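# Okay, predicted coordinates and the sequence, questions at the end:
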Protein chains: 2
Amino acid sequence: LRTTIVASGEELLYGRTLDSNGAYMARRLGLSGFQILRHVTVGDSPAALYDELVRAGTDSDLIVMTGGLGPTADDRTRGAVARAAGAPLVEDAPTRRHVEERLKSFGRQATPAHLSQALFPAGSVVFPNPRGTAAGFACRLAPQAGRTQGALFAAMPGVPEEMLPMFDESVLPYLLDNAAPSGHAAIETLHLFPIGESDADERIADMNAEGRNPYIGITVGDGVITLSIRACGATPQEAAALVQRDVETIRERFGDLLYGRGGATLAQALSAKLERAGASIAVAESLTGGLVAKLLVDVPGMSRWFLGGVVAYADAAKVSRLGVPQELLQRHGAVSAEVAEAMARGACAAFGASLGVSTTGIAGPTGGSAQKPVGLVYVGVCLQGRCAVHRLELRGDRVRVRDRAAKYALNLARLALLRGVDAVAVAPAGVR
Amino acid sequence: LRTTIVASGEELLYGRTLDSNGAYMARRLGLSGFQILRHVTVGDSPAALYDELVRAGTDSDLIVMTGGLGPTADDRTRGAVARAAGAPLVEDAPTRRHVEERLKSFGRQATPAHLSQALFPAGSVVFPNPRGTAAGFACRLAPQAGRTQGALFAAMPGVPEEMLPMFDESVLPYLLDNAAPSGHAAIETLHLFPIGESDADERIADMNAEGRNPYIGITVGDGVITLSIRACGATPQEAAALVQRDVETIRERFGDLLYGRGGATLAQALSAKLERAGASIAVAESLTGGLVAKLLVDVPGMSRWFLGGVVAYADAAKVSRLGVPQELLQRHGAVSAEVAEAMARGACAAFGASLGVSTTGIAGPTGGSAQKPVGLVYVGVCLQGRCAVHRLELRGDRVRVRDRAAKYALNLARLALLRGVDAVAVAPAGVR
């Protein structure tokens, strides 16, 4: 089923906000076998929205849209949709009660703007919004020239916290019941680190030809390479088997570089290794300033392995909080292999952890020198007293350098648990 | 000048990656007075891209596009653009040399796929890419029916690290020289925290009417409300004066809730206050697990005020690393006002800082109870020995609870420096 994804909002049009809703729906719809034709973002103008609905109606079977359903004065979606559906707006009594009651629970009276949220094109299916006042809805648009049936249309509020659960709980089940795609698709995503895009591309060049089934897409996102393997089959089983065959080939070709699948983060991969090893972890961060700890804590249940961390930003904190010898700092400087190792050891000692990870380096924009340029980073790991330090020369700005350094640190810890510290003692060549 | 922004890439179409390039260009073009009509994302299909170029050619004066210029097999943009321009692809000799030399510096030979990156529609202006092999280019498309001149078209690579500097250094200056917009726009963005969308909307209802100049848009992003004030004028000065008048009114209406402008983060706002006060800061995090420190370190130059932090995730670490009395933990539990205050004091003591900030709470999804549900958070601040603690009941998942808690902590520290600890001792009502 050919699908157009629409987002409405001046703040999206002028780039003040990123449209994460569209990407979320695209992933979920793609997994269910829907073919995505395009995403379109328009502003608050009802005329522009109407034009998009007409245009999408010429080549799409389904149009899903977010935004423009709120009570604020710049939400003018309803009228445009009603016009495209050729149906008047009518009030849905349960939605009106919900809006009134929700406002009352905040001690407020519903205004006409609030109550306009109970208006939908006649014949719509309404999707309740327990998390807000803007209900979603689905209706059929009027058919465009040359088509016998109009496109199915579904609208949801733009606030992700309301939209995401509404999509999963109400809209996607409704679409699967009322607009089931022909054929079946299977998608798997595999994540690689650290490797460059063209290197990864070369290793799978024979699997990447135009029109091949499965189709393999390569994406770079924040230093992580993602391979998306998307297969079509007559049955879900056939599609899944096609994907699985490619997954095995890719696993053989990339080895330890393949750290996870299905959106897994490096911290999740590390968490699984910590669980298997029965290890505990502590971190000592200078350069990354809390980011390594933050990425660990992003993983639910991390408290079972993660004991704590020290952000030793000032040199005095490295001495007093991590027991880094003052003499090491004076002789080698804070950005050195020696200090990275002492910090990793200090993290283990401070928290009584079996595994310690450390970062020190120069994030920029200032603080670099000829000998120690911006982007120079040392990442250390200690596992039960044995340590390894990798020297990295990272490119990019302050945000990129810290992000990559944190990922290298998590990955080094993962590899140390997987292969032992001695096996990771030497940094791979070409690391940037 | 009416502008369409196009992004190409299967990984964008199926939601594996968010299109941050489009938002970036939209912000920059909007500030220069370009009118954005829409953003469109298509996949790798040259036919779909060609259709978009034709369609945009009917109503746009300018089309800017990212993606599809790389050496990988799924980059097929060039042919579609050449067709829309009605011009053959010709090789640009300097670009070919750059591609060959760049690959040579990595010890590699240029393949035909690499060399295809030197092909552009005849008559194109080429934008060099010092950071990669994919150069950008601009050309004029063939005019669509009813138009005397075709749209100006500019293409850039999709990798943000290559695209963003190319846009700023080459493409935008070229567009300003060759496609200057009529009239002038001024935009200002103001950021509010903590306040809800409808509350913010109500306070500016009189300034928010359709068609008003300036236009004020309201956005919610990760708990921060952003007001975008966009004015048009005959001169840049006139547009700026219209915006400034609204800025003053908004400042009066929102007071301390208005923490910054122009994309400023709460950490940046706090950094400015730390500088003015000559204060130093240390953090003690349980719940937020390094996020408060990370947000601080996001600000370049933060090392002047930020001494360090402790991520005391395990209770034992709260005792040993922050000096929280064991007895307090036993009597009140780790999630309590008493422990939050002791942690903030401990942060000051551990790092010798004048200002200490702490977080403790239950992020979920597990760990809640009837008395202490998921989302219960205590945020503490100590300034030169005087402390205040706010109790928050936050909604949402693990990521949201930690994000909001970290922002409340930064904001509490900002307000403590602005008004004194005693003035912030009582948490505002309705905090979620």
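Now that the structure is in, tell me what you want to look at.

# Output the contacting helices and strands for the longest helix anywhere in chain A.
Longest helix in chain A, counting residues (DSSP state H): helix A:398-419. Counting contacts by 3 or more CB pairs under 8 Å, 6 or more residues apart in numbering or on different chains; DSSP states H and E, helix A:398-419 is packed against helix A:266-277, helix A:291-297, strand A:355-361, strand A:376-383, strand A:386-393. C-beta: built from backbone N, CA, C; applies to glycine.

# Quick check: mean pLDDT of it?
The predicted model gives helix A:398-419 an average pLDDT of 95.

# what comes up buried for that helix?
A:398, A:400-418 (16 or more other CB atoms under 10 Å in any protein chain shown).

# what does stretch A:261-277 give?
A:261, A:264-271, A:273-274.

# Give me the contacts around it.
A:188-191, A:193, A:224, A:247, A:259-260, A:279-281, A:295-296, A:298-299, A:301-302, A:304-305, A:355, A:407, A:410-411, A:413-414, A:417-418 (CB atoms under 8 Å, 6 or more residues apart in numbering or on different chains).

# In ChimeraX, how would I select just the buried ones from those residues?
Selecting only the buried members of the contacts of stretch A:261-277 in ChimeraX, with burial defined as 16+ other CB under 10 Å, works like this:
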select /A:188,189,190,191,193,224,247,259,260,279,280,281,295,296,298,299,302,305,355,407,410,411,413,414,417,418
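
# pLDDT weak spots in chain A?
Low-confidence regions of chain A, defined here as pLDDT under 70, cover residues A:72-75, A:180-183, A:210, A:427-432.

# and with 80 instead?
Across chain A, the ranges flagged by pLDDT under 80 are A:16, A:31-33, A:70-76, A:106-107, A:177, A:179-185, A:208-211, A:217-221, A:263, A:426-432.

# got the contact list for whichever residue of the stretch 101-250 of chain A sits closest to chain B?
Closest residue of the stretch 101-250 of chain A to chain B, CB to the nearest CB: A:Thr219 (3.8 Å). With contacts taken as CB under 8 Å, 6+ apart, A:Thr219 has the following neighbours: A:225-226, A:228, B:9, B:11, B:16-17.

# try 10 Å this time
Contacts for A:Thr219 (CB atoms under 10 Å, 6 or more residues apart in numbering or on different chains) come out as A:189, A:191, A:197, A:225-228, B:9-12, B:14, B:16-17, B:158.

# again, but for A:Ala154
A:Ala154 sits next to A:25, A:62-66, A:124-125, A:127, A:136-139, A:166-167, A:170-172, A:174-175, A:178-179 when contact means CB under 10 Å, 6+ apart.

# Over to A:Thr4?
Taking CB under 10 Å, 6+ apart as the criterion, A:Thr4 is in contact with A:36-40, A:52-53, A:55-57, A:59-65, A:151, A:153, B:40.

# Which helix or strand lies directly C-terminal to the helix or strand hosting it?
Element membership for A:Thr4, per DSSP states H and E: strand A:2-8. Per DSSP H and E, strand A:2-8 leads on to helix A:10-13 as the next helix or strand towards the C-terminus.

# quick one: contacts of that following helix?
Identification of contacts with helix A:10-13 by CB under 10 Å, 6+ apart yields A:7, A:16-19, A:21-22, A:41-45, A:48, A:66-67, A:74, A:158, B:5, B:22-23, B:26, B:30, B:35-39, B:189, B:215-221, B:226-228, B:230.

# If we use 6 Å, what do you get?
Applying CB atoms under 6 Å, 6 or more residues apart in numbering or on different chains, the external contacts of helix A:10-13 come out as A:17, A:19, A:41, A:43-44, B:36, B:217, B:219.

# And stretch A:113-129, by the same measure?
In contact with stretch A:113-129 (CB under 6 Å, 6+ apart) are residues A:71, A:78, A:81-82, A:85, A:87-92, A:95-96, A:99, A:133-139, A:162, A:166, A:170-171.

# Restricted to helices, list those residues.
Residues from these lying in helices, with DSSP H as the criterion: A:78, A:81-82, A:85, A:95-96, A:99, A:162, A:166.

# quick one: secondary structure of the residue nearest to the spatial centre of chain A?
What sits nearest the mean C-alpha location of chain A, by CA atoms, centre = their mean, is A:Gly263, with 7.3 Å. Here A:Gly263 is coil, with the state taken from DSSP: H, G, I helix; E, B strand; the rest coil.

# can you list the residues of the stretch 251-400 of chain A near chain B?
Proximity of the stretch 251-400 of chain A to chain B (CB under 6 Å from any CB of the partner chain) is limited to residues A:289-291, A:293-294, A:297, A:300, A:303, A:306-314, A:317, A:351, A:365, A:398.

# For chain A, list the residue farthest from the centre, please.
Relative to the average C-alpha location in chain A, and by CA atoms, centre = their mean, no residue lies farther out than A:Glu327, which sits at 42.9 Å.

# Confirm that one sits in a helix?
Yes - when classified by three-state DSSP, A:Glu327 is found to be part of a helix.

# So it versus A:Val319, what's the distance?
If you measure A:Glu327 against A:Val319 using CB to CB, to the nearest Å, the figure is 10 Å.

# Over to A:Gln109?
A:Gln109 sits 61 Å away from A:Val319, going by CB to CB.

# any chance you could read off phi and psi for A:Tyr50?
Comment: the main-chain dihedrals of A:Tyr50 come out as phi -60, psi -40, following degrees, to the nearest 10.

# Could you count how many residues lie near the residue nearest to it when sequence neighbours are not counted?
Spatial nearest neighbour of A:Tyr50, excluding adjacent residues (CB to CB, 6 or more residues apart in numbering or on different chains): A:Ala80 at 4.4 Å. Residues near A:Ala80, counting by other CB atoms under 10 Å in any protein chain shown, number 21.

# right, and A:Ala80 touches A:Pro46 too?
Yes - under the criterion of CB atoms under 6 Å, A:Ala80 lies in contact with A:Pro46, with a separation of 4.1 Å.

# re earlier: among the ones in helices among the contacts of stretch A:113-129, which two are most distant?
Between any two of the ones in helices among the contacts of stretch A:113-129, the greatest separation by CB to CB is 22.7 Å, found for A:Ala85 and A:Glu162.

# angle of the longest helix of chain A against strand A:355-361?
With axes from the mean of the first three to the mean of the last three CA atoms, to 10 degrees as the criterion, the two stretches helix A:398-419 and strand A:355-361 enclose an angle of 150 degrees.

# Please save the CA atoms from helix A:398-419 in CSV.
Coordinates of the C-alpha atoms in helix A:398-419 are reproduced here as CSV (Å, rounded to 0.1, in the frame of the first residue of the first chain):
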residue,chain,number,x,y,z
ARG,A,398,33.0,19.5,20.5
VAL,A,399,29.7,17.5,20.3
ARG,A,400,31.1,15.0,17.8
VAL,A,401,34.4,14.4,19.5
ARG,A,402,32.7,13.7,22.9
ASP,A,403,30.0,11.5,21.2
ARG,A,404,32.6,9.3,19.4
ALA,A,405,34.8,9.2,22.5
ALA,A,406,31.9,7.9,24.6
LYS,A,407,31.0,5.3,22.0
TYR,A,408,34.6,4.1,21.7
ALA,A,409,34.7,3.8,25.5
LEU,A,410,31.6,1.7,25.6
ASN,A,411,32.8,-0.4,22.7
LEU,A,412,36.2,-1.0,24.3
ALA,A,413,34.5,-2.2,27.5
ARG,A,414,32.3,-4.5,25.4
LEU,A,415,35.3,-6.0,23.6
ALA,A,416,37.3,-6.3,26.8
LEU,A,417,34.5,-8.4,28.3
LEU,A,418,34.1,-10.4,25.0
ARG,A,419,37.8,-11.1,24.2
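
# still on that earlier bit, which of the contacts of A:Ala154 are buried?
Neighbour-count burial (16+ other CB under 10 Å) is assigned, among these, to A:25, A:62-66, A:124, A:127, A:136-139, A:166-167, A:170-172, A:174-175, A:179.

# Let's have the helices and strands packed on helix A:398-419 in CSV, adding distance to B:Asp422.
Rendered in CSV, the data for the helices and strands packed on helix A:398-419 read as follows (distance: least, CB to CB, whole Å):
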stretch, distance to B:Asp422
helix A:266-277, 40
helix A:291-297, 32
strand A:355-361, 39
strand A:376-383, 43
strand A:386-393, 47
